[in-house]
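Peer 1: quick one: sequence and predicted model below, then my questions.
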Amino acid sequence: MNKKIVLESLAKALDSWVRNASAAQFWQVHQSGGLGASIEVDEDILRVRVTLGGPRNALSELGKTDGRLPVTEAFLGSSNAAWGTPPLQGSLAREQWFLSSELAQEHARQYLAADIGEHQEALMRFVDDWTAGRGAAP
């Protein structure tokens, strides 16, 4: 399987995951990372599915901020009243605030999409690791 095709499919799957992830999934990625992907090839059919959790890999740190609030386009230009004052980092109240704040979730969505875009080498490393695991030539 051509690595370029696998890389493009992985990028599309990540984009789809970012667009469709739940608030709880974003919270998990925002707190501790953990993205992964499964890649399956059946003859000439390629299936890439983004997963959350599982073994650490080249994608695992994407989107992770350790709970810090990412500054994204959703935040720029908005007033603090729209954002509200988030509870202390590490508190259960902060998780509840995040899960109920559409703006915070939009920040997480934008941050993760940007982080994926800025760390294309992580995607390539993931594909290289997958290729090596299959015993396939590049």
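Peer 2: That came in fine, so what should we check first?

Peer 1: distance between stretch 40-60 and the chain's centre?
Peer 2: Chain-centre distance of stretch 40-60: 13 Å, with C-alpha atoms, centre = their mean, to the nearest Å.

Peer 1: do the same with stretch 24-38
Peer 2: On C-alpha atoms, centre = their mean, the centre of stretch 24-38 falls 6 Å from that of its chain.

Peer 1: strands of this protein, residue ranges please.
Peer 2: 35-42, 45-52 (DSSP state E).

Peer 1: list the contacts of the first one.
Peer 2: Put plainly, it is strand 35-42. Outside strand 35-42, the residues that touch it by C-beta atoms under 8 Å, 6 or more residues apart in numbering are 1, 6, 9-10, 13-14, 17, 29, 46-55, 57, 59-60, 62-63, 126-127, 130. All C-beta atoms are positioned from the backbone trio N, CA, C, and that covers glycine.

Peer 1: K12 versus E118, what's the distance?
Peer 2: Taking C-beta to C-beta, to the nearest Å as the measure, E118 falls 17 Å from K12.

Peer 1: try E102
Peer 2: Distance from E102 to K12, by C-beta to C-beta: 25 Å.

Peer 1: so the two - more neighbours on which side?
Peer 2: Ranked by neighbour count (other C-beta atoms under 10 Å), E102 and K12 place K12 first, with 12 against 9.

Peer 1: and that one, what's its pLDDT?
Peer 2: pLDDT recorded at K12 is 97.

Peer 1: which residues sit in contact with it?
Peer 2: Contacts of K12 by C-beta under 8 Å, 6+ apart are V48.
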